[in-house]
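Peer 1: sequence unknown, structure follows:
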Ligand SMILES: [Ca+2]
């Protein structure tokens with residue numbers, strides 16, 4: 001009898017062991033200034049993205065994913081912490097030097113639990129290959145043990161650029177998009193026997209500044225050399241364009257942007273091939289998303305919500321690609337219309353990995369887990385996302401968007417169902433007063449609940465970054481932690 005119980009116990013344990021394999025690996029591929037509209041999987045017919053399209057065919061694509069801010073550092077901080085800018089204090093992009101590298105450098109996420117710090121706490125090896133842009137760039141942060149990144153956030157090009165490797169600055173002559181992919185594959189190979197988290201954060205396609213004046217040097221130069229690229233509209237520039245309005249008719253910029261999207265697609269293809277080659281397909285969750293979107297001529301804009309005056313919250317700056325794939329566990333070829341945000345990713349990922357109890361409790365997370373959608377279950381979902389960019393806050397539902405500004409006008413109300421290009425501002429029109437009041441109430445309730453007074457610009461709080469609308473808030477210098485001591489090797493002028 002005892003032997004039988006022991007056998008049953010043993011069988012039970014063996015069955016349990018077989019049913020609870022080690023947690024899946026996670027690869028989070030993040031692109032920079034990347035509108036969903038550039039990808040074949042989202043309906044684009046003139047930019048070549050066969051590998052990202054293949055990824056989508058094998059998993060779940062979110063047709064309506066939005067970023068909660070217009071620029072790099074805040075959206076990355078929100079992705080990794082699950083918090084709003086008025087909770088983590090990163091309101092705009094970190095400028096050169098400052099918190100990023102040099103004597104004032106510090107990690108702006110230090111006091112928060114993040115996707116990498118939570119996963120490394122659960123036994124994952126974590127690797128960053130690509131753009132960090134959240135401070136303390138020279139040294140590995142947030143539990144990362146593999147750390148190859150950039151000293152700055154902005155990209156002046158994709159060749160002969162400064163990188164940080166082995167905690168040293170140097171110039172990398174080769175194609176950065178390929179360089180990040182190479183390091184991503186190396187990290188996967190080194191950690192293939194244990195759970196790993198790869199944060200592969202491409203600095204392309206970028207779409208801005210000198211990087212778009214660099215000639216196309218990847219293998220797509222001839223493909224796009226004469227391509228008319230009709231997916232980038234040639235509208236009359238919107239009067240709110242600030243510094244890129246004349247790019248709407250610039251074919252060099254369009255072709256360069258398209259070529260950098262396709263360059264990333266090659267990298268995604270190599271990552272997927274590496275997973276297959278190493279037999280990791282069925283034990284690896286792959287997430288592909290953009291940090292925020294980019295207008296490529298849409299509604300008369302080029303760029304993001306910081307390339308306009310006033311600062312804006314238009315959909316072209318927030319609409320991002322978001323694709324999840326996990327072979328064997330996730331339904332293939334699914335498209336979800338749930339309205340989701342970058343700040344929903346952390347709670348989703350933790351629940352999906354069975355780490356829901358590790359979700360940070362304070363500050364309170366505004367995000368909601370859509371893990372059920374990934375597993376093909378029906379989930380209750382409030383189709384509402386929020387946006388915050390300095391003096392601009394917005395609420396977006398499936399049907400409406402309401403945008404409010406502090407210290408500046410106008411406010412804006414758009415009926416997105418009939419006006420997806422956000423061209424007809426219905427603010428203050430008598431027949432829309434009640435919907436505007438309702439949305440305004442929900443917007444205020446959201447920030448009343450979640451904003452931390454310390455970082456709530458609208459209520460006298462500070463910022464870890466310089467802010468573009470400094471004149472409205474009277475904040476001259478970004479917050480710096482007082483305990484900061486320069487570390488050895490930092491602060492060397494270059
Ligand atoms: Ca960006």
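Peer 2: Ah, there it is. Keep in mind that what you see is a predicted model, and the values were worked out from it rather than measured.
Peer 1: tell me what the host helix or strand of residue 259 is packed against?
Peer 2: Using DSSP states H and E, the element containing residue 259 is helix 251-277. If you count contacts as 3 or more Cβ pairs under 8 Å, 6 or more residues apart in numbering; DSSP states H and E, helix 251-277 packs onto strand 25-32, helix 50-57, helix 176-190, strand 196-205, helix 221-224, strand 284-290. In this view, the C-beta of every residue, glycine as well, is placed from N, C-alpha and C.
Peer 1: Determine the set of other helices and strands touching the second one.
Peer 2: Helices and strands touching helix 50-57, by 3+ Cβ pairs under 8 Å, 6+ apart, are helix 251-277, strand 284-290, strand 322-325.
Peer 1: is the helix holding residue 259 anywhere near the ion?
Peer 2: No. Judged by Cβ under 5 Å from the ion, helix 251-277 stays clear of the ion, getting no closer than 12.9 Å.
Peer 1: and whichever residue of the stretch 51-200 of the chain sits closest to the ion, how many residues sit next to it?
Peer 2: Across the stretch 51-200 of the chain, no residue is closer to the ion than residue 72, which sits at 3.6 Å (Cβ to the ion). Residue neighbour count, defined by other Cβ atoms under 10 Å, stands at 29 for residue 72.
Peer 1: would CSV of the helices and strands packed on helix 50-57 with distance to residue 411, mean neighbour count and mean pLDDT be doable?
Peer 2: CSV is the format used below for the helices and strands packed on helix 50-57 (distance: least, Cβ to Cβ, whole Å; neighbours: other Cβ atoms under 10 Å; pLDDT from 0 to 100):
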stretch, distance to residue 411, mean neighbour count, mean pLDDT
helix 251-277, 32, 21, 98
strand 284-290, 27, 24, 98
strand 322-325, 28, 26, 98
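Peer 1: Please convert the ones you listed to JSON lines, extending it with distance to residue 128.
Peer 2: Compiled in JSON lines, the helices and strands packed on helix 50-57 are given as follows (distance: least, Cβ to Cβ, whole Å):
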{"stretch": "helix 251-277", "distance to residue 128": "15"}
{"stretch": "strand 284-290", "distance to residue 128": "15"}
{"stretch": "strand 322-325", "distance to residue 128": "20"}
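Peer 1: got a pLDDT number for whichever residue of the stretch 351-494 of the chain sits closest to the ion?
Peer 2: Relative to the ion, the nearest point of the stretch 351-494 of the chain is residue 389 (12.5 Å; Cβ to the ion). We note a pLDDT of 98 for residue 389 in this prediction.
Peer 1: With residue 476 instead?
Peer 2: Reported pLDDT at residue 476 in the predicted model: 84.
Peer 1: residues touching the residue in the stretch 251-400 of the chain that the ion sits nearest to, list them.
Peer 2: At 4.2 Å from the ion, residue 291 is the closest residue in the stretch 251-400 of the chain, using Cβ to the ion. For residue 291, the contact set (Cβ atoms under 8 Å, 6 or more residues apart in numbering) comprises 30, 31, 32, 33, 34, 67, 72, 75, 76, 79, 320, 342.
Peer 1: Show me where this protein has its helices.
Peer 2: Taking DSSP state H as the test, the helices found in the chain are 2-19, 50-57, 72-81, 85-88, 115-121, 176-190, 221-224, 251-277, 315-318, 345-352, 371-374, 433-450, 470-473.
Peer 1: nearest to residue 152, of those helices?
Peer 2: Nearest to residue 152 among the helices of the chain is helix 72-81 (10.6 Å), distances taken as Cβ to Cβ.
Peer 1: For burial, what's the neighbour tally of the residue in the stretch 101-250 of the chain positioned nearest to the ion?
Peer 2: Of all residues in the stretch 101-250 of the chain, residue 206 sits closest to the ion, at 7.6 Å by Cβ to the ion. Using other Cβ under 10 Å, residue 206 is surrounded by 25 other residues.
Peer 1: I figured it was touching residue 212, is that so?
Peer 2: Yes. At 7.3 Å, residue 206 counts as touching residue 212 under the criterion of Cβ atoms under 8 Å.
Peer 1: what is in contact with these two at once?
Peer 2: Common neighbours of residue 206 and residue 212 (criterion: Cβ under 8 Å, 6+ apart): residue 257.
Peer 1: so how far is residue 395 from residue 204?
Peer 2: 31 Å (Cβ to Cβ, to the nearest Å).
Peer 1: more neighbours, these two?
Peer 2: Legend: neighbour count by other Cβ under 10 Å for residue 204 and residue 395, higher for residue 204 (28 against 24).
Peer 1: Next, the contact list for the residue nearest to the more buried one when sequence neighbours are not counted, please.
Peer 2: Leaving aside its chain neighbours, residue 204 sits nearest to residue 260 (4.2 Å; criterion: Cβ to Cβ, 6 or more residues apart in numbering). Going by Cβ under 8 Å, 6+ apart, residue 260 touches 158, 177, 204, 205, 206, 207, 211, 218.
Peer 1: With pLDDT added, can I get the residues you listed in TSV?
Peer 2: Output for these, formatted as TSV (pLDDT from 0 to 100):
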residue	pLDDT
158	98
177	98
204	98
205	98
206	98
207	98
211	98
218	98
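Peer 1: Buried subset of these as a PyMOL selection?
Peer 2: Selecting only the buried members of these in PyMOL, with burial defined as 16 or more other Cβ atoms under 10 Å, works like this:
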select buried, resi 158+177+204+205+206+207+211+218
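Peer 1: which among the contacts of residue 260 gets closest to residue 147?
Peer 2: Nearest to residue 147 among these, with distances taken as Cβ to Cβ, is residue 177, at 18.4 Å.
Peer 1: wait, doesn't the closest one sit right on residue 267?
Peer 2: Yes. Counting by Cβ under 8 Å, residue 177 does reach residue 267; the two are 5.6 Å apart.
Peer 1: Common neighbours of these two, please.
Peer 2: Common contact partners of residue 177 and residue 267 (Cβ under 8 Å, 6+ apart): residue 202.
Peer 1: just the helices and strands packed on helix 251-277: most buried one?
Peer 2: strand 196-205 (a mean of 27; mean count of other Cβ atoms under 10 Å).
Peer 1: and that strand, what other elements does it pack with?
Peer 2: Strand 196-205 packs on strand 25-32, helix 115-121, strand 125-130, helix 176-190, helix 251-277, going by 3+ Cβ pairs under 8 Å, 6+ apart.
Peer 1: closest one to residue 162 among those?
Peer 2: Nearest to residue 162, of the helices and strands packed on strand 196-205 and by Cβ to Cβ, is helix 176-190 at 10.1 Å.
Peer 1: returning to that earlier point: got a list of what the residue of the stretch 101-250 of the chain closest to the ion touches?
Peer 2: Shown in contact with residue 206 (Cβ under 8 Å, 6+ apart): 32, 33, 155, 212, 257, 260.
Peer 1: that older thread, right, and the residue of the stretch 51-200 of the chain closest to the ion touches residue 131 too?
Peer 2: Yes. Counting by Cβ under 8 Å, residue 131 is a contact partner of residue 72 at 7.5 Å.
Peer 1: what residues are shared contacts of the two?
Peer 2: In contact with both residue 72 and residue 131: 32, 153, using Cβ under 8 Å, 6+ apart.
Peer 1: Quick check: residues of the stretch 51-200 of the chain near the ion?
Peer 2: Taking Cβ under 5 Å from the ion as the measure of proximity, the stretch 51-200 of the chain contacts the ion at residue 72.
Peer 1: pLDDT at the residue nearest the centre of the chain, what is it?
Peer 2: For the chain, the residue sitting closest to the mean C-alpha position, by Cα atoms, centre = their mean, is residue 291 at 2.5 Å. You'll see residue 291 listed with a pLDDT of 98.
Peer 1: From residue 73, how far off is it?
Peer 2: Taken as Cβ to Cβ, the span from residue 291 to residue 73 is 9 Å.
Peer 1: What separation is there between residue 260 and residue 143?
Peer 2: 30 Å.
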